[in-house]
Each structure stands twice: as C-alpha cells, then as structure tokens.
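dropping the sequence and predicted coords here.
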Amino acid sequence: MKAATPQTATHGTVSATAVERSISAALERWEPEILGLSHAIHADPELSGQEFRAAKRVSRLLRSAGFSFDSTQPQLPASFAGKFGTGDLVVALCVEYDALPTIGHACGHNVNAASAVGAALALAAVADQLGLTVKVLGTPAEETSGGKVDLIGEGFFEDVSLAMMAHAAGEDVIGGSSLAMGMWDVLFEGRPAHAAAAPSEGVNALDALLVAQTAIALARQQLPSGSIVSLIVTEGGSAVNVIPERARASVEMRSPSLRNLRIIEERVRRCLEAGALASGSTLKVTPTGNAYAELKQDRYLSEAYREAMSARGRTVVFNEEPVASTDMGNVSQLVPSIHPLLGYEVGGAAHHTAEFAAHGSSVSADRAVLDGAFGLAMAASAAALDDRQRERLLNVRR
C-alpha cells in the first residue's frame with residue numbers, strides 16, 4: 001500500500017503556512033535557551049539513570065514556557081512528564097540525556113535532548129490552533145536499562161497519539177529500523193581449591209564460562225540472519241594458583257526483530273547451561289535492564305519530516321536499514337513514531353567515541369538542533385492538519 005504523503009491542508013481555519021510561520025517564530029524566540037540547554041548538557045555529562053541535573057535543566061526551561069507538571073510523575077528519579085495544551089491529539093517528545101562513561105556525550109544525547117525540547121516549545125506555540133496536547137517525557141538510561149520501557153510500563157504513553165525524537169549522527173537519515181536487544185549478567189559458581197596441591201577438589205567456574213563461550217561461537221552460524229551475540233568476561237578468578245570459584249560475563253544479544261531475539265536468547269541460554277553442566281558449576285542469568293524492540297518508523301510522519309527538513313536546506317536520505325538499538329523501538333511498537341538521524345559535522349568520527357563527543361556543541365551541531373526541532377514540529381503539525389491522518393492517529397488510542 002502506498003503511504004500518504006504530506007499535503008498543504010487546514011484544520012479548521014488554520015493554514016499550514018501560518019503554522020509554519022508560528023513554529024519558525026517560536027524557535028527563533030527560544031533559540032538562546034534551546035542552544036544553551038544543548039551546551040549545558042554537553043558540558044556536564046551524567047551517566048544513565050543519574051541525569052538529575054539534565055532533567056532539572058529541561059524541566060526548568062519547560063516550566064518557564066508554561067508547561068505543567070502533574071503530581072503523578074514517573075518513578076525513575078531522572079525522569080519527568082510535562083504537558084502543554086488540552087487538545088485530543090497528544091504528541092509525545094522523548095528527551096534523552098544520558099552520557100557514556102569517560103567519553104561524555106559520545107552519542108550526542110545533548111543534541112537529542114535539545115532538538116526534542118525545541119520541537120516541544122515550537123508545538124506549544126500552535127497547540128491551541130491545532131488541537132494538540134504536547135507531552136514531554138524525560139527518558140533516562142537509553143544507553144543501559146531503557147527508561148522509555150519503564151515509562152511504558154507506568155502508563156505514560158497510554159494517552160499518546162504519536163511519539164517523536166531525533167538522534168545525533170553524521171548524516172540526515174529517516175526511515176531506519178534498529179535491532180532488538182537483550183542484555184544479561186551471567187554468573188557461574190563453582191568451588192575453589194589449590195590449583196597445584198588439590199585441583200581435583202575444585203569446581204572451575206572459569207571452565208564453565210569457556211565452554212559456554214565456545215558453544216556460543218559455534219552456534220552463531222545457526223542463528224537467525226542478522227543476529228549478533230557479544231560477550232565479555234568481567235570476572236575470571238582472583239589468583240592463578242586458585243581454581244576460580246566464580247566467573248562472570250556480560251552478554252548482549254541483538255536481532256532484527258524481537259521475535260528472533262527470543263530465539264537467540266533460548267539458544268544462548270542452552271550454551272550457558274552446557275558450560276554449567278560440563279564443569280559442575282551452578283548458573284545464574286540476570287537480565288540487565290529492559291529488552292529493546294526493533295524500531296518501526298511511521299511512513300507518513302517520516303515523509304512529513306523529510307519535507308520539512310528540505311525547507312531548511314537539508315537532504316534527508318530514506319534508508320530502512322537497522323542501525324544499533326534503541327528503547328524508542330518499544331515506543332514505536334505502541335504508537336506511530338519517528339526517530340530520524342540528525343546530521344552535523346563530526347569529522348568522520350563514529351558514535352561512542354571521544355572524537356564524536358567533541359563535535360556536540362559546534363556551530364554545525366547547533367544548527368542541527370534547531371533544524372531537527374523544526375522538522376519534528378512540522379511533521380506533527382502536518383498530521384494534525386490532515387483530517388485523515390489525524391483520525392488515524394487518534395484511533396491509536398481507541
């Protein structure tokens with residue numbers, strides 16, 4: 001089925017041209033605060049789940065723009081929920097702001113946060129005319145446990161019609177998917193013994209991990225296409241002359257779909273059990289954080305975003321290939337969503353490097369923040385102005 005494309009339309013007596021002018025004017029008005037937010041978060045990186053100062057900075061800016069914060073707030077301490085407007089079409093802007101250990105904002109989440117907040121401020125300027133409720137959700141721990149999944153579980157997306165955010169990158173891309181992902185902490189426990197005097201008295205937990213690691217390596221060729229299994233040893237013994245009584249590993253599993261991820265998890269668990277059985281060790285598997293679903297981007301909103309970015313002089317490539325993993329995938333399985341990659345000059349640096357982080361407060365990054373905010377706001381406005389799309393999005397919650 002061919003997707004609908006954005007059109008010039010009206011909602012009531014409001015024209016698309018007038019909406020665009022209002023959005024542009026709001027971004028111009030709030031530009032110092034939006035860019036100041038990006039720079040402040042970039043200069044003060046906080047790890048996943050500990051983004052207290054970033055959440056406070058965002059909340060303070062939104063309050064100054066008239067956003068309200070209900071008494072019911074998310075349980076995650078570095079999260080929040082703010083609203084503007086009372087319209088039936090609820091647009092959620094997801095604000096990420098966690099950094100990485102030692103290398104700061106090497107994934108550009110300061111850009112993610114500021115562009116989402118900018119879009120919220122722009123949409124607030126047209127909320128009454130378009131019948132919108134602008135909902136801003138602070139979503140911590142994207143790099144680790146997946147704060148958006150926790151907010152889903154707490155019901156903060158139940159009233160949402162569409163959800164949006166943009167992600168920092170070296171180029172502008174829309175339409176991409178992501179890999180479903182699960183993470184485990186694995187613990188084998190055996191029995192210590194002197195490695196020379198009484199090795200037969202011990203149960204070698206490190207052997208269990210070695211057998212499991214080998215089994216996983218051999219199993220990879222039978223896994224569903226596009227699957228990735230990564231494993232690192234985080235504990236392997238305390239002394240060379242002592243049989244290791246404990247061995248610990250971190251396992252990360254990725255796949256193009258949540259369905260295939262479950263297949264991978266089952267097979268990896270059997271490999272781990274084989275290590276325990278072969279060595280006589282015990283096995284404990286603990287999920288670390290939430291499982292991430294694959295990202296599904298809404299075609300209409302994607303095209304509307306691309307059209308808006310073209311008006312800002314940007315060429316946005318449509319590419320459906322999966323890129324990394326994100327808890328925005330879980331959101332996109334519930335409501336129509338977009339998660340475009342927002343490009344700026346990064347000197348060829350890859351994500352999750354100190355070199356990428358160094359470009360996060362540049363002139364090029366600042367322009368990306370404002371352009372991304374415009375693109376997101378215009379995409380939501382296009383859907384609000386189109387009666388057919390508006391009805392489609394409202395039916396998500398019925």
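Great, that's in hand.

from now on I want contacts and neighbour counts done on CA atoms only, so please keep to that.
Will do.

what's the single longest helix in this protein?
The longest helix of the chain (DSSP state H) is helix 16-43.

how far off centre is it?
22 Å (Cα atoms, centre = their mean, to the nearest Å).

buried sites along that helix?
16, 19-20, 22-24, 26-27, 30-31, 34-35, 37-39, 41-42 (16 or more other Cα atoms under 10 Å).

what packs against it?
Where contact means 3 or more Cα pairs under 8 Å, 6 or more residues apart in numbering; DSSP states H and E, helix 16-43 is packed against helix 52-64, helix 109-124, helix 363-385.

recalculate using a threshold of 7 Å.
Applying 3 or more Cα pairs under 7 Å, 6 or more residues apart in numbering; DSSP states H and E, one finds that helix 16-43 contacts helix 109-124.

any idea which helix or strand comes after the helix it packs on?
The helix or strand immediately downstream of helix 109-124 is helix 127-130, counting by DSSP states H and E.

give me the sheet partners of the following helix or strand past that next one and which way each runs.
Following helix 127-130 in sequence order, the next helix or strand is strand 132-138 (DSSP H and E). Looking at strand 132-138 with DSSP bridges, its partner strands are strand 80-84 (antiparallel), strand 89-95 (parallel).

rebuild those strands as CSV, extending it with mean pLDDT and distance to S364.
Below are the strands paired with strand 132-138 laid out as CSV (pLDDT from 0 to 100; distance: least, Cα to Cα, whole Å):
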stretch, mean pLDDT, distance to S364
strand 80-84, 98, 29
strand 89-95, 98, 20
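
pLDDT of the longest helix of the chain, averaged?
Taken as a whole, helix 16-43 has a mean pLDDT of 98.

now stretch 173-181
96.

how much distance is there from that stretch to the middle of the chain?
Going by Cα atoms, centre = their mean, where stretch 173-181 is centred and where its chain is centred differ by 10 Å.

again with stretch 237-254
Distance, centroid of stretch 237-254 to centroid of chain: 30 Å (Cα atoms, centre = their mean).

please apply the same query to stretch 221-231.
Using Cα atoms, centre = their mean, the offset of stretch 221-231 from its chain centre is 22 Å.

likewise for stretch 334-353?
Distance, centroid of stretch 334-353 to centroid of chain: 10 Å (Cα atoms, centre = their mean).

in that stretch, what's buried?
334-346, 349, 351-353.

ends of it, how far apart?
With Cα to Cα, to the nearest Å as the measure, stretch 334-353 spans 32 Å from end to end.

got it, and stretch 233-242?
Using Cα to Cα, the two ends of stretch 233-242 sit 18 Å apart.

show me the contact partners of it.
P192, A193, H194, A195, A196, L206, P244, R246, A247, R248, A249, S250 (Cα atoms under 7 Å, 6 or more residues apart in numbering).

what do you get if the cut-off is 10 Å, keeping everything else the same?
Under the contact criterion Cα atoms under 10 Å, 6 or more residues apart in numbering, stretch 233-242 has outside partners 185-188, 191-199, 202, 204-207, 209-210, 213, 243-251.

and stretch 38-45, by the same measure?
Counting by Cα under 10 Å, 6+ apart, 33, 35-37, 51, 53-55, 57-58, 97-106, 108-115, 117, 357-362, 365-366, 369 sit against stretch 38-45.

separation between the nearest residue to T86 once chain neighbours are set aside and L37?
Using Cα to Cα, 6 or more residues apart in numbering and skipping residues adjacent in sequence, the residue nearest T86 is T133, 5.0 Å away. Here the criterion is Cα to Cα. By it, T133 lies 23 Å from L37.

what's the first-to-last distance across stretch 140-156?
14 Å.

and that stretch, how far out from the chain middle?
Using Cα atoms, centre = their mean, the offset of stretch 140-156 from its chain centre is 9 Å.
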